[in-house]
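K.L.:
I need the structure of the sequence given here:
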Amino acid sequence: MRCPGQDTRFWKPDAIFEVKCPGCGQAIEFFKDESKRRCKHCGHEMLNPRMDFGCAAYCRFARECLGDPDRVTHKDDLLKSRVAVAMKSYFQKDFRRIGHATKVARYAERIARQTGADMAVVLSAAYLHDIGIKEAERKYNSTDARYQEEEGPPIARNILAGCGASQELIDEVADIVGHHHHPRAEETANFKAVYDADLITNLEEEETGETARGKEKISAIIDRAFLTESGRELARSILL
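P.N.:
Below is the predicted model:
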């Protein structure tokens, strides 16, 4: 099938190009909308190095277009995009919660880069950490943390499975979602990045309203409650 966004009438001269085959060194000709080609000389099959697979995060024809989705579905950036789109689809017009989850993901990414955490786990958990809140409201008429943590994991599992995540990643993200307000005595770097990012976002949101505490109290919270030094540094740069 042909992607509806790839109309040849608007192609530029560099839309057809050659790439050196990693198998035999001979030239392989690519059209820019081809996801992959097989070398005529050695038979090596390679993905189009200039193709932006980010469209697969939201396009319903991605699986047919790419042919072999396993090659790309486990790329961290693609999974991140798919989870972000799925989260937005789940919350629909609840822009406040979409904005909150997006901001937590942004901060979690910055913390994770400093702590060496697994970016795919961290970003998936950041986008989905509050995913149980709608069911908590529907069943209990409450947004209490314990209800979010109870309702969130099965929803997160369904979303991640639909995004093509591995079972190992699904299990870890569901575990983080299931206790994201209540850290255990020993926690992973992945959990800590999400926890600190959520705490920064919550404090930032609270400081803009009538519940503002003032910088002295915020400083004390940062010293006491955060789990990573990277989280504390980021919090101080944003909140103080």
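K.L.:
use CA for all of it now, contacts and neighbours both
P.N.:
Fine.
K.L.:
what residues does the longest helix seen in the chain touch?
P.N.:
Longest helix in the chain, counting residues (DSSP state H): helix 95-115. Residues from elsewhere that reach helix 95-115 (Cα atoms under 8 Å, 6 or more residues apart in numbering): 84, 87-88, 91, 118-119, 122-123, 126-130, 189-190, 193-194, 196-198, 200-201, 230-231, 234.
K.L.:
Which of these fall in helices?
P.N.:
Helix and strand membership here follows DSSP H; of the contacts of helix 95-115, those in helices are 84, 87-88, 91, 119, 122-123, 126-128, 189-190, 193-194, 196-198, 200-201, 230-231, 234.
K.L.:
And the buried ones among the residues you listed, selectable in ChimeraX?
P.N.:
Selection of buried members from the ones in helices among the contacts of helix 95-115 for ChimeraX, criterion 16 or more other Cα atoms under 10 Å:
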select :84,87,88,119,122,123,126,127,128,189,190,193,194,196,197,198,200,201,230,231,234
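K.L.:
I'd like to know how many residues surround P49.
P.N.:
12 (other Cα atoms under 10 Å).
K.L.:
Am I right that it is in a helix?
P.N.:
No: the assignment for P49 (DSSP: H, G, I helix; E, B strand; the rest coil) gives coil, which keeps it out of a helix.
K.L.:
Tell me how far it lies from Q26.
P.N.:
In this view, P49 and Q26 are 16 Å apart by Cα to Cα, to the nearest Å.
K.L.:
Check V104 too.
P.N.:
Distance from V104 to Q26, by Cα to Cα: 46 Å.
K.L.:
between these two, which one's more packed in?
P.N.:
Using other Cα under 10 Å, the more surrounded residue of V104 and Q26 is V104, with 27 against 15.
K.L.:
Mind pulling the model confidence for that one?
P.N.:
Looking at V104, its pLDDT is 97.
K.L.:
One more: A62?
P.N.:
58.
K.L.:
go on, V194?
P.N.:
pLDDT, V194: 98.
K.L.:
And Q26, by the same measure?
P.N.:
pLDDT, read off for Q26, is 89.
K.L.:
Skipping its backbone neighbours, what lies nearest it in space?
P.N.:
In this structure, Q26 finds its nearest non-sequential neighbour in K20, 5.7 Å apart by Cα to Cα, 6 or more residues apart in numbering.
K.L.:
what do you get for G116?
P.N.:
G116 sits nearest to A189 (Cα to Cα, 6+ apart), 7.5 Å away.
K.L.:
Just the buried positions in stretch 91-107, please.
P.N.:
Of the residues in stretch 91-107, R97, I98, H100, A101, T102, K103, V104, A105, R106, Y107 count as buried by neighbour count, 16+ other Cα under 10 Å.
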